[in-house]
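S.K.: What shape does this take:
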Amino acid sequence: MKIASNGIRIHVEDNGAGDLPIVFLHYWGGSSRTWRHITSELKQSHRTIATDHRGWGQSDAPASGYNLTDLAADAQGVIDALGLQRYVLVGHSMGGKVAQLLASRRPSGLAGLVLVAPSPPSPMQLPLEARQGMVAAYASRASIITTVTEVLTAKALSADDLETVVQDTLRGATSAKTAWPLVMSQEDITAHVGAIDVPTIVIGGELDRVDSIATLQAEVLPRIPHAVLHHLQGTGHLSMLESPNTLAQIILDFAGSLRFRSSAATAAQATLSKLQ
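M.R.: Residues are numbered from 1 along each chain as shown. Below is the predicted model:
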C-alpha cells in the first residue's frame with residue numbers, strides 16, 4: 001500500500017499482528033523486499049512494517065529531497081499515519097543511519113532500536129573518487145552482481161534472492177543512487193545520536209566488508225548509550241539474506257525483552273500507586 005508522508009507517497013508492506021510492531025528501513029540499493037525472509041518469520045507474532053525509501057522500490061522518486069532528514073521524515077510520517085503507539089525500529093546500513101537520526105529525536109512510542117550493519121553516524125571515510133565508483137557499481141546487471149558477490153556478501157545468495165537484489169538496485173532512481181555515496185554518507189550526525197534513550201542492539205556480520213565489526217566498535221557503539229553488539233558468524237553485509245533465521249531470532253529475542261521490560265515497568269507503577 002501507499003502512504004502519504006512528507007509530501008510524497010511511500011510504499012509500505014504491512015503484515016502480521018501484535019502489540020509491538022516492528023518497522024524496517026532498508027539499505028542503499030534495496031527495498032522492503034530485502035526484509036521478506038525476516039518479516040515472514042516475525043509476522044507470526046508481530047506486526048511487521050517494511051518501507052521503501054523514496055527513490056527505491058515502489059515509493060515515489062522526487063527529483064530532490066535525498067538527505068538523512070528527508071528519509072527520517074518519510075519514515076516518521078509512515079509511523080504517524082499508521083498510528084503506532086509503541087514500536088521497534090530496525091535499520092540496515094543506510095537505513096541504519098536514518099534510524100539513528102530518527103531515534104535521536106526521541107519520537108513518541110519508540111520502544112527499542114535495532115541497527116543491522118549500520119552506517120556509522122560519522123562521515124564515510126572514502127575519497128570522492130571511491131564514492132563515485134560506488135555509484136558506477138550500481139549501473140548495470142553485471143556490475144551489481146559483481147558488487148553483491150565480491151563486496152556485499154560472504155555467503156552465496158539463492159538465485160531468487162540474487163535476482164531480487166539485482167532488480168531492486170536497477171529500479172532505483174538516479175537521484176537515490178547518487179544521494180547516498182555523494183551526500184548522505186558524508187552527513188555527520190554524531191552530535192545527535194548520544195540522545196538516543198531506548199534499548200539498542202547493533203548486529204554486525206563477522207565477514208562484513210562494508211561496515212565491519214571493527215568499524216561498529218569504533219564508530220557506533222561508543223556513541224550510542226548502552227548499545228549492545230551481536231556478532232553473526234560467517235556473514236557479510238546482507239545478513240537478512242545470508243543468515244535470515246539467526247537475524248530473525250535476535251530481533252525476536254530483543255522484542256521479547258522489551259515486552260518484559262514494559263510489563264515489569266507497568267507492575268512497578270501499579271505497586272507504587274497502591275503505596276501512595
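
S.K.: quick one: the residue nearest to the spatial centre of the chain from Ala137, how far?
M.R.: Central residue of the chain (C-alpha atoms, centre = their mean): Gly91, 1.4 Å from the mean position. Between Gly91 and Ala137 the distance is 22 Å, computed by C-beta to C-beta, to the nearest Å. Placement of C-beta: from N, CA and C, glycine included.

S.K.: can you check Arg106 too?
M.R.: For Arg106, the distance to Ala137 equals 36 Å [C-beta to C-beta].

S.K.: higher neighbour count, the two?
M.R.: Ala137 (20 against 11; other C-beta atoms under 10 Å).

S.K.: Which residue is the nearest non-sequential neighbour of that one?
M.R.: The shortest distance from Ala137 to any non-neighbouring residue, by C-beta to C-beta, 6 or more residues apart in numbering, is to Thr147 (4.5 Å).

S.K.: Am I right that the one you found is in contact with Ala139?
M.R.: No. The pair Thr147 / Ala139 is not scored as a contact, 10.1 Å apart, by C-beta atoms under 8 Å.

S.K.: Who has more neighbours out of those two?
M.R.: Thr147 (18 against 12).

S.K.: how about stretch 230-246: buried residues?
M.R.: Buried residues in stretch 230-246, defined by neighbour count with 16 or more other C-beta atoms under 10 Å: 230, 232, 235-244, 246.

S.K.: Sorry, wrong one. I was asking about stretch 157-166.
M.R.: Quick answer for stretch 157-166 (16+ other C-beta under 10 Å): Leu157, Asp161, Leu162, Thr164, Val165, Val166.

S.K.: can you check stretch 106-114 too?
M.R.: Within stretch 106-114, the residues scored as buried using 16+ other C-beta under 10 Å are Pro107, Leu110, Ala111, Gly112, Leu113, Val114.

S.K.: One more: stretch 59-68?
M.R.: Using 16+ other C-beta under 10 Å as the test for burial, stretch 59-68 gives Ser59, Asp60, Ala61, Pro62, Gly65, Tyr66, Leu68.

S.K.: and what of stretch 67-77?
M.R.: Neighbour-count burial for stretch 67-77 [16+ other C-beta under 10 Å]: Leu68, Asp70, Leu71, Ala72, Ala73, Asp74, Ala75, Gly77.
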